[in-house]
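Participant: The following comprises the amino acid sequence and a computationally predicted model.
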Amino acid sequence: MNIIAFLGSPRKDGNTELLLREAIKGIEDSRSTVQTFNLNLMKISPCQNCGGCDETGICTTEDEMVQIYDAIRTADRIILASPIFFFGLSAQTKIMIDRCQAFWCEKYLLKKPIPEGKYGRKGLLLLAGGMKKELGTECSDATAKAFFRTISVPEHKTLSFTGIDAKGAILKHPTALKDAYEAGKELVKV
């Protein structure tokens, strides 16, 4: 099974990364491996809405997003991990999602969705944010849902933790790390 993960947090060893590590540990304990993309360290330009992908489904901008396109195309499971900033996904996460416009064109204009593959395609969304209201989770999940559907991932589970702001605060949450671990194990079940 081919599993990829996107870390969208700019904060090294922050709450989002700690959640992702636990989910990956659950996957690895199930005898699978995960390829992780640290979006903050990658050189990815924003979508220019140039229309270059309209007729081909291929983005005309050449940067490190090429690695991500290939990984998404062949993935069976996809994890998206982001902090919640101003009720939305981080800029690092959103820039990658916006560049998936090429997949949107391929699926909806050219009628060539990514094939389901041997195991089907499933997703996991991990969110952590300082606000206590659920609005940040709802807005972030809506964007993630559009991303997952565009890349032909028909279902995803969302784990979100609000009121988690200071670096390492997730470690004090009574169930967050265990929940992320279990979500990772669940993700790779066939």
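Facilitator: On my side now, so go ahead.
Participant: all helices of the protein, in order?
Facilitator: Assigned by DSSP state H, the chain shows helices spanning 15-28, 65-74, 91-98, 101-104, 135-150, 176-187.
Participant: Report the mean per-residue pLDDT for the longest one.
Facilitator: Summarised as a single mean, pLDDT over helix 135-150 is 94.
Participant: Would you mind finding the most buried of the helices of the chain?
Facilitator: helix 15-28 (a mean of 23; mean count of other C-beta atoms under 10 Å). (Each C-beta comes from the backbone N, C-alpha and C, glycine too.)
Participant: what residue of this structure is the furthest out?
Facilitator: Distance from the C-alpha centroid of the chain, by C-alpha atoms, centre = their mean, peaks at residue 55 (26.0 Å).
Participant: Pretty sure residue 103 sits against residue 68.
Facilitator: No: with contact defined as C-beta atoms under 8 Å, residue 103 does not reach residue 68; the gap is 10.4 Å.
Participant: Go through the helices of the chain and name the closest to residue 80.
Facilitator: helix 135-150 (5.6 Å; C-beta to C-beta).
Participant: what's the closest one packed up against?
Facilitator: Helices and strands touching helix 135-150, by 3 or more C-beta pairs under 8 Å, 6 or more residues apart in numbering; DSSP states H and E, are strand 77-85, strand 88-89, helix 91-98, strand 122-129, strand 155-162.
Participant: just for the chain, where's the confidence low?
Facilitator: Scanning the chain for pLDDT under 70 picks out nothing.
Participant: And the residue nearest the centre of it?
Facilitator: residue 80 (1.8 Å).
Participant: Tell me the bridge partners for that residue.
Facilitator: Using DSSP bridges, the beta-bridge partners of residue 80 come out as residue 6, residue 125.
Participant: Dump the helices and strands packed on helix 135-150 to a markdown table, plus distance to residue 6.
Facilitator: Below are the helices and strands packed on helix 135-150 laid out as a markdown table (distance: least, C-beta to C-beta, whole Å):
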| stretch | distance to residue 6 |
| --- | --- |
| strand 77-85 | 5 |
| strand 88-89 | 10 |
| helix 91-98 | 6 |
| strand 122-129 | 10 |
| strand 155-162 | 13 |
